[in-house]
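1. Turn this into a structure:
(one chain, ligands or ions: 2)
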Amino acid sequence: MKKSIIVTGGAGFIGSHVVRLLVNKYPDTRIVNVDALTYAGNLENLSDVDSADNYAFRKVDIRDAAAVDALFAEIQPEGVIHLAAESHVDRSITDPLAFIMTNIVGTVNMLNGARKAWDGDYEGKRFYHVSTDEVYGSLGETGLFTEETSYDPRSPYSASKASSDHLVRAYFHTYGMPVVISNCSNNYGPNHFPEKLIPLVINNIKHGKPLPIYGDGKYTRDWLWVIDHAEAIDVIFQTGVAGETYNIGGNNEMKNIDLVEQLCDVMDELLGNELGASRKLITFVKDRPGHDRRYAIDSSKLQRELGWEPKVYPKEGLKMTAEWYLNNEKWLENVTSGAYANYYEKQYA
Ligand code: NAD
Ligand code: DAU
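-> Ligands and ions are numbered 1, 2, ... in the order given. Alright, predicted model coming up:
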C-alpha cells in the first residue's frame with residue numbers, strides 16, 4: 001500500500017459508510033478502522049469489505065493516550081479521519097463525563113498521537129475532525145447556520161464536540177498541523193443505531209410499540225442521507241483547505257412530527273398495513289431537557305468551493321431506510337440484543 005489512513009469510529013453508523021467508501025474507492029490506500037467497539041460500534045456493519053486487502057481493524061480506545069501513541073507508531077498514517085465519539089444527546093444528559101472523556105480527551109490524544117508521529121513534517125498530511133451542527137446551538141424560526149455562526153452548545157454532547165473543535169483549531173494555529181473540520185446536520189440511513197429517532201420509530205412500528213415524540217414534536221432537524229455525508233467527507237478530506245471549516249447539510253428541514261408521520265406512512269405501505277395504522281402509535285412524551293428547537297445548515301461554501309451536493313432526499317431516503325431495516329432483521333436483532341459482540345469474537349479470535 002502506498003499510504004495509510006486512520007478512520008476512527010469506523011464501526012459506528014457514519015464511520016462504517018466512510019470506511020466502505022474509502023476501501024472501495026482507493027484500493028492502493030490502506031484504510032485502518034480504529035474503534036473501541038462500544039455499544040455503538042458494530043463490525044458487522046463492515047462485513048462486506050472486511051476481507052479487502054486494503055482494510056485493517058485495530059481495537060483501540062482513544063481515551064488511552066499510550067494506546068493511541070502506539071497505534072500511530074505502528075501505522076504511520078498520512079491522514080486521520082476522526083469520527084469516534086459518544087454521539088447520543090440523551091446519553092450525554094445522563095452521563096456527561098463519558099462524553100468529556102471520549103469526545104474531548106480522546107480527540108486530544110488523537111491530535112497528540114498525530115503530532116508525535118508527524119514530528120513537524122506535515123507535507124502530505126491531514127487531520128480531519130468530523131463534527132456536528134449542534135455546536136452552533138439552536139435557531140429561531142428563520143436563518144441558517146453558516147461557518148461564521150458563533151458557537152453556542154447547549155447539551156453536554158454538543159459542548160464536548162464544540163470543545164474538541166476548538167482544540168483541533170488550536171493545533172492548527174499553535175503547531176501548524178494541517179487540520180480540517182466539518183459540521184454536519186442529522187444523518188439517517190442504514191446501520192443507524194436504534195436509539196436515534198428514525199431507526200427507533202421503524203423498530204417500534206415493527207413491534208407495535210408507542211412512537212415517543214418529545215415535547216410538542218415541532219422541533220426541526222435538517223436530514224442528510226448518510227452516504228451523501230460519507231461522500232462529503234471524502235471530498236473534504238481530499239480537497240478541503242487546511243485550517244478551514246465546512247458545513248454539511250441535507251437542505252431538508254423537517255419538524256419531528258412531520259418526519260415521523262411520513263415514516264409511519266412509508267412503513268404502512270411496506271408492511272401492507274392500512275394507511276394510518278402506524279400513526280396511531282404516535283405518543284407525545286416528556287421533552288428532552290435543553291432540547292434545541294431548530295437546526296438548519298447553509299452548506300453553500302462546500303457546494304461552491306468543493307463541488308459537493310446532497311443527492312438523496314427524504315421522500316426516497318426514508319423508504320430506502322425503512323426497506324433496509326425490514327430486510328436486515330438479524331442486524332437489528334443483534335444490535336438490540338447485544339449479540340453483535342459475538343461477531344467480533346468470531347472474526348478476530
Ligand atoms: P456512532 O455512535 O454510531 O458511532 C461512534 C463510533 O465511535 C462507534 O463505533 C464507537 O464504538 C466508537 N467509539 C466511541 N467511543 C470510542 C472510544 N473511546 N475509542 C474508540 N472508539 C470509540 O456515531 P455516528 O452517529 O456514526 O457519529 C460519528 C461522528 O459523526 C461523531 O463524531 C458525531 O459527533 C458526528 N456526527 C454525527 C451525526 C449524526 O447524525 N449521527 C451528525 C453530525 C456529526
Ligand atoms: O445534528 C446532528 C446531530 O444529530 C448529531 O451530532 C448527533 O450525534 C445525532 O445523534 C443527532 O442528534 P439529535 O439529538 O438531533 O438526534 P436524535 O435522533 O436523538 O433526535 C432527533 C430529534 O428527535 C430531536 O429533536 C429529538 C427528537 N426525538 C428523539 C428521540 C430519540 C424524539 O422526539 N423522540 C425520541 O425518542
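2. Please make it C-alpha for all contacts and neighbour counts, starting now.
-> OK.
3. Next, count neighbours for Asn328.
-> 13 (other C-alpha atoms under 10 Å).
4. likewise the one 5 residues further on?
-> Residues within reach of Glu333, counting by other C-alpha under 10 Å, total 13.
5. and the gap between it and ligand 1?
-> 16 Å (C-alpha to the nearest ligand atom, to the nearest Å).
6. Gln303 too?
-> Distance from Gln303 to ligand 1, by C-alpha to the nearest ligand atom: 17 Å.
7. repeat for Gly10
-> The value you get for Gly10 to ligand 1, if C-alpha to the nearest ligand atom is used, is 6 Å.
8. need the contact list for the nearest residue to that residue once chain neighbours are set aside.
-> Counting by C-alpha to C-alpha, 6 or more residues apart in numbering, the nearest residue to Gly10 once its immediate chain neighbours are dropped is Ser16, at 4.7 Å. Neighbouring residues of Ser16 by C-alpha atoms under 8 Å, 6 or more residues apart in numbering: 9-10, 45-46.
9. Now tabulate the residues you listed in CSV and tack on neighbour count and secondary structure.
-> Below are the contacts of Ser16 laid out as CSV (neighbours: other C-alpha atoms under 10 Å; DSSP: H, G, I helix; E, B strand; the rest coil):
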residue, neighbour count, secondary structure
Gly9, 30, coil
Gly10, 31, coil
Asn45, 22, helix
Leu46, 18, helix
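10. Of these, just say which sits nearest to ligand 2.
-> When the contacts of Ser16 are compared for distance to ligand 2 (C-alpha to the nearest ligand atom), Gly9 wins out at 12.4 Å.
11. wait, doesn't that closest one sit right on Val32?
-> No - the pair Gly9 / Val32 is not scored as a contact, 10.5 Å apart, by C-alpha atoms under 8 Å.
12. Helix, strand or coil: sort out the residue nearest to Gly10 for me.
-> Assigned with DSSP: H, G, I helix; E, B strand; the rest coil, Ser16 falls in the helix class.
13. Relative to Asp152, how far out is it?
-> Applying C-alpha to C-alpha, to the nearest Å, the value for Ser16 to Asp152 is 29 Å.
14. Next, give phi and psi for Asp81.
-> Careful, residue 81 is Ile; it's not Asp. Per-residue torsions, Ile81: phi -120, psi 110 (degrees, to the nearest 10).
15. That one: how many residues sit nearby?
-> Using other C-alpha under 10 Å, Ile81 has 25 neighbouring residues.
16. pretty sure Ile213 is touching Leu281, no?
-> No - between Ile213 and Leu281 there is no contact, the gap being 10.4 Å when judged by C-alpha under 8 Å.
17. pLDDT and distance to Ser138 for the contacts of Ser16 - can I get that in CSV?
-> What follows is the contacts of Ser16, written out as CSV (pLDDT from 0 to 100; distance: C-alpha to C-alpha, whole Å):
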residue, pLDDT, distance to Ser138
Gly9, 98, 26
Gly10, 98, 29
Asn45, 97, 32
Leu46, 98, 34
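18. how about Gly189, what does it touch?
-> 225-227, 317-318, 320-321 are the contacts of Gly189 under C-alpha under 8 Å, 6+ apart.
19. Report the separation between the residue nearest to it when sequence neighbours are not counted and ligand 2.
-> Residue nearest to Gly189 in three dimensions, not counting chain neighbours: Thr321, with 5.0 Å by C-alpha to C-alpha, 6+ apart. Distance of Thr321 to ligand 2, given as C-alpha to the nearest ligand atom: 14 Å.
20. so how many other residues sit close to Thr321?
-> By the criterion of other C-alpha under 10 Å, Thr321 has 23 neighbours.
21. Please look at it and Asn191 and confirm they touch.
-> No - when contacts are counted by C-alpha under 8 Å, Thr321 is not listed as touching Asn191 (9.1 Å).
22. what does the helix or strand that contains Ala66 rub up against?
-> Using DSSP states H and E, Ala66 sits within helix 65-75. Helix 65-75 is contacted by residues 4, 60-62, 106, 109-110, 112-114, 116-117 when judged by C-alpha under 8 Å, 6+ apart.
23. Stretch 301-319 now?
-> So stretch 301-319 is contacted by 189, 223-225, 228-229, 232, 235-236, 239-240, 246-252, 263, 266 (C-alpha under 8 Å, 6+ apart).
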